[in-house]
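K.L.:
Fold the following and give me the result.
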Amino acid sequence: MLHRTISGRIAYTSRKAGREGEERGREAFTITIHNDGSRVMRALCEIEEPAPTVLRDVTCSFGPDDMPTDAFVRLMLGDSFLGAGLFRVVDGGVECESFGPGIGRVSQRFILAGAFEGLGMHPISTDAFMLKQMDRNKGPHGRVVRFIVPSSDHRGAGPPLIGEASMRLDYLGHEAVTVPAGNFAASHFRLSDPDDLAHPEYDIWVTADEDAIFLKGGVGGYMQTWYELVELTPR
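P.N.:
Reported below is the predicted structural model:
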């Protein structure tokens, strides 16, 4: 085959008092990288806690410039169908065709005024890849970044409709990281909400290479969640 493939698994655990280390979900992902640098990322995300459960299937495609071109998401909430939607980045905006029992059939077009960093479809693996939009050659620094999201819920547990989110993204530097999947050279990032100081910060470590594979990360505050790469093929 002319492409290369990376696959892996991320464990979702809790850091809440009395539940430290307990598994609360998981994510299996596969990345196909083509010779022109474009890639397709597929993720199956399972969230067991807090209830109701969330099962999310996502396919997200990126061009050679690492910017998204299209994405599909299908959601089950509490083992019942919540919705499915196709998102396309087009000249001047983002289009969405979605349907679900609570929204019916919906067609949307969102006009983009200014730059944006990507489609925040909620899998941990695609969150990590979008951090490549930060120029690490500048050293530690930060700026506000803008994402198009299919749901404002922090678990992505809403019917797929076009939304917008802005966060502050800080690149904190280069570190060596050890996770169950192995030892890696990593880049450390932090996401925070400049408009809601009570929102917990989200620390993320990704591989320092062009693939930006998620390694570990977590959200503190009232969420107390932790994510860690437990399998990676090839290594």
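
K.L.:
can you count the residues close to G37?
P.N.:
G37 has 12 neighbours, counted by other Cβ atoms under 10 Å. Yep, even glycine has a C-beta here, placed from its N, CA and C like the rest.

K.L.:
and the lowest-mean-pLDDT helix or strand in the chain, how far from the chain's centre?
P.N.:
When each helix and strand of the chain is scored by mean pLDDT, DSSP states H and E, strand 118-119 comes last, with a mean of 90. For strand 118-119, the separation from the chain centroid amounts to 9 Å (computed by Cα atoms, centre = their mean, to the nearest Å).

K.L.:
mind listing what N35 touches?
P.N.:
L2, H3 (Cβ atoms under 8 Å, 6 or more residues apart in numbering).

K.L.:
ugh, wrong one, I6
P.N.:
Taking Cβ under 8 Å, 6+ apart, one finds T30, I31, I33, D211, I213, L232, T233, P234 in contact with I6.

K.L.:
If you drop the residues flanking it in sequence, what lies closest to the fourth one?
P.N.:
It refers to D211. Counting by Cβ to Cβ, 6 or more residues apart in numbering, I6 is the residue found nearest to D211 once chain neighbours are left out, at 6.5 Å.

K.L.:
Around P64, count how many other residues there are.
P.N.:
Close neighbours of P64, defined as other Cβ under 10 Å, add up to 11.

K.L.:
Isn't it up against G37?
P.N.:
Yes. With contact defined as Cβ atoms under 8 Å, P64 counts as touching G37 (3.7 Å).

K.L.:
Surely A165 is within a helix?
P.N.:
No. According to DSSP: H, G, I helix; E, B strand; the rest coil, the state of A165 is strand, so it is not within a helix.

K.L.:
Now do the same contact list for it.
P.N.:
By Cβ under 8 Å, 6+ apart, the contact set of A165 is G120, R146, F147, V149, S152.

K.L.:
and the gap between the residue nearest the centre of the chain and D57?
P.N.:
Nearest to the geometric centre of the chain sits D127, at 2.6 Å (Cα atoms, centre = their mean). D127 sits at a distance of 16 Å from D57 (criterion: Cβ to Cβ, to the nearest Å).

K.L.:
again, but for D65
P.N.:
26 Å.

K.L.:
ditto for T5
P.N.:
Counting by Cβ to Cβ, the separation of T5 from D57 is 18 Å.

K.L.:
and those two? which has more neighbours close in?
P.N.:
Neighbours per residue (other Cβ under 10 Å) separate T5 from D57, with D57 holding more: 15 against 12.

K.L.:
what helices or strands is the helix or strand hosting the more buried one leaning on?
P.N.:
Using DSSP states H and E, D57 falls within strand 54-62. Strand 54-62 sits against strand 39-47, strand 68-77, helix 124-130, with contacts defined as 3 or more Cβ pairs under 8 Å, 6 or more residues apart in numbering; DSSP states H and E.
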